[in-house]
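Chemist: I'll drop the sequence and a predicted model, then ask my questions.
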Amino acid sequence: MSLAAFKRPFGARALPGILLSMIPIIGFFAFGYKLLCARTAMTGDYRLPGWKEWKAIFIFGLGGRILQAIYLLPCAISFYLLWRINQNPVTTLLAYIKSIEGLLIAFFILGLIAAIFCPASILNFVAEGSFKQAFSFQVLKRMATWSYVAGWFWAFFYNLLIIGILYTLLYFVGVAASMFWMYLFVPVMYILLFLPGITTWTLLGEHWGEAIQKRQ
């Protein structure tokens, strides 16, 4: 792990990404930029990339979102089934207790699988420049290294910290109950969602680069 990953987002080149992430239709361009940061980190380059590789940013962003949707679909289906069961009256719900237990277990297992496998698939797609490489056996080989395990855990704990900060801000905004603080929170939220994303994918990218060296 390099400290450069934590310092990396704080540059003028990151500002367009914050603005792009605020626009839902083209928000995947911001995600594509994070993945471009992951790709450069694989080769040990921690400079913020410029906004010149629009084709790569578009392909990475769109492909990354599609991969996220593929991995999250089973989890979303189990969540939907849980929600539908919870719409039933209490008497009917009691008859579905075993189903609910099974769905809850399925939901958490599928969520864990998505959380572990999805980043690896996206990283291999970005590294190899081919969508089909996101589902190749090469992904499993590179996942089975301490490099990926360490990168995943660093990214996981870093995101827990960011979520804690976000919830703390939400709490204070709720306590203040002021429109001024509500409007101020919106740009802060986008900053907290985009800039840490650069660090997250940089951490994952640099460790995936190490995994590539071990598992060509």
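Modeler: That came in fine, so what should we check first?

Chemist: residue contacts, the closest residue to residue 4 other than its chain neighbours?
Modeler: Closest residue to residue 4 apart from its sequence neighbours, by C-beta to C-beta, 6 or more residues apart in numbering: residue 46 at 3.9 Å. For every residue, glycine as well, the C-beta is placed using N, CA and C. Neighbouring residues of residue 46 by C-beta atoms under 8 Å, 6 or more residues apart in numbering: 2, 4, 5, 8, 40, 202.

Chemist: and those, which two are the farthest apart?
Modeler: Between any two of those, the greatest separation by C-beta to C-beta is 12.6 Å, found for 2 and 40.

Chemist: distance of the nearest residue to residue 29 once chain neighbours are set aside from residue 30?
Modeler: Excluding the flanking residues, the one nearest residue 29 by C-beta to C-beta, 6+ apart is residue 20, at 4.9 Å. Residue 20 sits 4 Å away from residue 30, going by C-beta to C-beta, to the nearest Å.

Chemist: who's more crowded, these two?
Modeler: residue 30 (24 against 21; other C-beta atoms under 10 Å).

Chemist: show me what contacts that one?
Modeler: Counting by C-beta under 8 Å, 6+ apart, residue 30 has contacts 17, 18, 20, 21, 61, 194, 197.

Chemist: separation between it and residue 128?
Modeler: Separation of residue 30 from residue 128 (C-beta to C-beta): 23 Å.

Chemist: pLDDT at the residue nearest to residue 29, what is it?
Modeler: At residue 20, the predicted lDDT confidence score is 85.

Chemist: That one and residue 26 touch, don't they?
Modeler: Yes: using C-beta atoms under 8 Å, residue 20 is in contact with residue 26, at 6.1 Å.
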